[in-house]
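**Student:** Kindly generate the corresponding structure for this input.
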Amino acid sequence: MKAIRSLFLAMAFLMSPAFAEAQGITEKAVKELMQKMDRATAGKDANSVDRMLSENVAITVRISAGGNTQTTRMNKAEYMANLRNAWAAASNYSYRRNNESIAISGNTATVSADVTESMTVSGHTIRTQTRETATIEL
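**Tutor:** Have a look, this model is predicted:
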């Protein structure tokens, strides 16, 4: 069964070094921040992901499979605990993000992308295809 997972992250990068010297959010700064997040995710570097997320992050995950949809909402601590547990259980982890689009309005950027992840857990290969939307606020 192929599950399509939609992940919506509301990230407030209030103190992020990528934006520290900027007068406003720029596409270049957003791309650099997302590349840092990609590297941390691909490397299963939970500590770096943790540092990049605001304490005020709100995460909503919608999983659709077999005609059913399940929605889960998490704060930063819950998300990081789930992420660490998943990565600890996973081997052969791969992560790829493409088809990125960035829309900037004032001090807010909305980044959408397709994300494909694959991993082996307890001998089973799990693949997900995600349409991810992140909101970044200065």
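**Student:** what about residue 85, neighbour count?
**Tutor:** 11 (other Cβ atoms under 10 Å). C-beta coordinates here come from the backbone N, C-alpha and C atoms, glycine included.
**Student:** same question but for residue 124, I mixed them up
**Tutor:** Residue 124 sits with 7 neighbouring residues when counted by other Cβ under 10 Å.
**Student:** Tell me the bridge partners for it.
**Tutor:** Beta-bridge pairing of residue 124 under DSSP bridges involves residue 121.
**Student:** okay but residue 101 is in contact with residue 109, surely?
**Tutor:** No - contact criterion Cβ atoms under 8 Å: residue 101 and residue 109 do not qualify, at 10.6 Å.
**Student:** Between these two, point out the one with more neighbours.
**Tutor:** Set side by side, residue 101 and residue 109 show more neighbours around residue 109, with 26 against 9, by other Cβ under 10 Å.
**Student:** Tell me which residues are up against the helix or strand hosting that one.
**Tutor:** With elements taken from DSSP states H and E, the one containing residue 109 is strand 108-121. With contact meaning Cβ atoms under 8 Å, 6 or more residues apart in numbering, strand 108-121 is reached by 7, 25, 27, 30, 34, 86, 89-104, 125-138.
**Student:** Rounded mean pLDDT for it, please.
**Tutor:** Mean pLDDT, strand 108-121: 94.
**Student:** how about the helices of the protein, start to end?
**Tutor:** Secondary structure of the chain (DSSP state H): helices at 17-20, 27-42, 46-52, 76-89.
**Student:** How about residue 49, nearest residue that isn't a chain neighbour?
**Tutor:** Once flanking residues are discounted, residue 49 sits nearest to residue 40: 4.9 Å by Cβ to Cβ, 6 or more residues apart in numbering.
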